[in-house]
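S.K.: One predicted model, sequence on top.
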Amino acid sequence: MRKLVFISLVSLLSCNRNAQPAHPPVGGVLSQKDLDVSKERMKNLNTIERGHIQQWANSQPVKYYPTQLNYWVTVEGYDQRERRADNTMISYSYDLYDFDETKIYDQSFERRDAKFGHFDELKAVENALRFIRNGEEVTLLVPSSLAYGTFGDEKKIDNDIPLIIKLKAL
């Protein structure tokens, strides 16, 4: 009888020791309610950021113009220009700044011979490159939803941070 109680007790303790708390899977499925809450949060955040960006832009000596994709640029009629087609090549560089105009990374991001439709870039950067002329430099004011969004870049850019991007076609 003692053996049976001892074996049962050891089995019970070993099961308890190996038990792990239940966690939802990484990238788990969200309910429709969770998706709606997230969508509403992003909508409200975008409205607030757009107001702050517009206020900041109005206080600058350079004029900024809104684009159809929800960011601002320093060239009037920018997104009315001829659009570069997919599979065309472009070389470019850009620097990232916060709205205190502090450069985030010391080194510029630079890409040589990138092909449209085949490179992964910030939405605002890729869209702006479609309309930029060779040798032209523009400044973009980008809300967080078009930058690094809810997660940041997991390095120096935190979540929900709007950016100033100085972009140049090489």
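M.R.: Everything's here; your move. Residues are numbered from 1 along each chain as shown.
S.K.: could you show me where the helices are in this protein, in order?
M.R.: Taking DSSP state H to define them, one finds helices in the chain at 2-18, 32-58, 123-131.
S.K.: hey, least reliable of the ones you listed by pLDDT?
M.R.: Of all the helices of the chain, mean pLDDT reaches its minimum on helix 2-18 (a mean of 48).
S.K.: how near is Pro143 to Thr102?
M.R.: As defined by Cβ to Cβ, to the nearest Å, Pro143 lies at a distance of 18 Å from Thr102. Placement of C-beta: from N, CA and C, glycine included.
S.K.: ok, now Ile53?
M.R.: Taking Cβ to Cβ, one finds Ile53 at 16 Å from Thr102.
S.K.: ok, now Ile164?
M.R.: 10 Å.
S.K.: which one of those two has more residues nearby?
M.R.: Ile164 (22 against 9; other Cβ atoms under 10 Å).
S.K.: What residues does the more buried one make contact with?
M.R.: Leu96, Tyr97, Asp98, Phe99, Glu101, Thr139, Leu140, Leu141, Val142 (Cβ atoms under 8 Å, 6 or more residues apart in numbering).
S.K.: Have a look at this protein and report its longest strand.
M.R.: Criterion DSSP state E: the longest strand present in the chain is strand 89-97.
S.K.: Show me what the mean pLDDT comes to for that strand.
M.R.: 95.
S.K.: helices or strands next to it in the packing?
M.R.: strand 109-115, helix 123-131, strand 163-169 (3 or more Cβ pairs under 8 Å, 6 or more residues apart in numbering; DSSP states H and E).
S.K.: avg pLDDT for the first one?
M.R.: This means strand 109-115. 91.
S.K.: Counting by contacts, list what that strand packs against.
M.R.: strand 89-97.
S.K.: Pull out the C-alpha coordinates of the strand it packs on and format them as CSV.
M.R.: Extracted in CSV, the C-alpha atoms of strand 89-97 (Å, rounded to 0.1, in the frame of the first residue of the first chain):
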residue,chain,number,x,y,z
MET,A,89,14.7,50.0,-61.3
ILE,A,90,15.6,52.7,-58.8
SER,A,91,18.4,53.5,-56.4
TYR,A,92,17.7,55.6,-53.4
SER,A,93,18.6,56.5,-49.8
TYR,A,94,16.7,57.9,-46.9
ASP,A,95,17.2,59.0,-43.3
LEU,A,96,14.6,58.7,-40.5
TYR,A,97,13.9,61.5,-38.0
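S.K.: That strand: how far from the chain's middle?
M.R.: Between the mean C-alpha point of strand 89-97 and the mean C-alpha point of its chain there is a distance of 16 Å (Cα atoms, centre = their mean, to the nearest Å).
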